[in-house]
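Trainee: Okay, sequence plus prediction incoming.
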Amino acid sequence: MLLKLISKGPSHGYALMEGIESHTDKDWRPSPGSIYPALQELEKKGLVAFERKGRQKIYHITPEGETVLKQAVGHLKMVLRHMRSIFPDEDL
């Protein structure tokens, strides 16, 4: 989800927390203790990079991150297709 949100435009950690909360209808608001380590891991893997603006780190997706995101979306679509075949009457 972080890669998808960052792919829509550069963002900082707090805005990403709000974005996740918004996209989950307020069912999930990750804490700073989960967002920032996740962003550090994405950076370590070369999937995001950041630039500093004052005290904020503004994250953007890298070309490698775009590739991983496309693969993840493809995988999720496949999983949903299989789930729909198993649960045809459910709203998936």
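Mentor: Sure thing, it's come through.
Trainee: any idea which element the nearest residue to Pro10 once chain neighbours are set aside lies in?
Mentor: Of all residues not flanking Pro10 in the chain, His60 sits nearest, at 4.4 Å (C-beta to C-beta, 6 or more residues apart in numbering). Placement of C-beta: from N, CA and C, glycine included. When elements are assigned from DSSP states H and E, His60 belongs to strand 56-61.
Trainee: how about that strand: buried residues?
Mentor: 57-59, 61 (16 or more other C-beta atoms under 10 Å).
Trainee: Same check on stretch 42-51?
Mentor: Applying 16+ other C-beta under 10 Å to stretch 42-51 flags 42-43, 47-50 as buried.
Trainee: what stretches of the protein score poorly on pLDDT?
Mentor: 92 (pLDDT under 70).
Trainee: ranges for the strands of it?
Mentor: 48-53, 56-61 (DSSP state E).
Trainee: Would you mind writing the CA trace of the last one as CSV?
Mentor: The C-alpha coordinates for strand 56-61 follow below in CSV (Å, rounded to 0.1, in the frame of the first residue of the first chain):
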residue,chain,number,x,y,z
GLN,A,56,10.6,16.1,6.6
LYS,A,57,11.6,13.3,4.3
ILE,A,58,9.6,13.4,1.1
TYR,A,59,9.5,9.9,-0.4
HIS,A,60,9.2,9.1,-4.1
ILE,A,61,9.1,5.7,-5.8
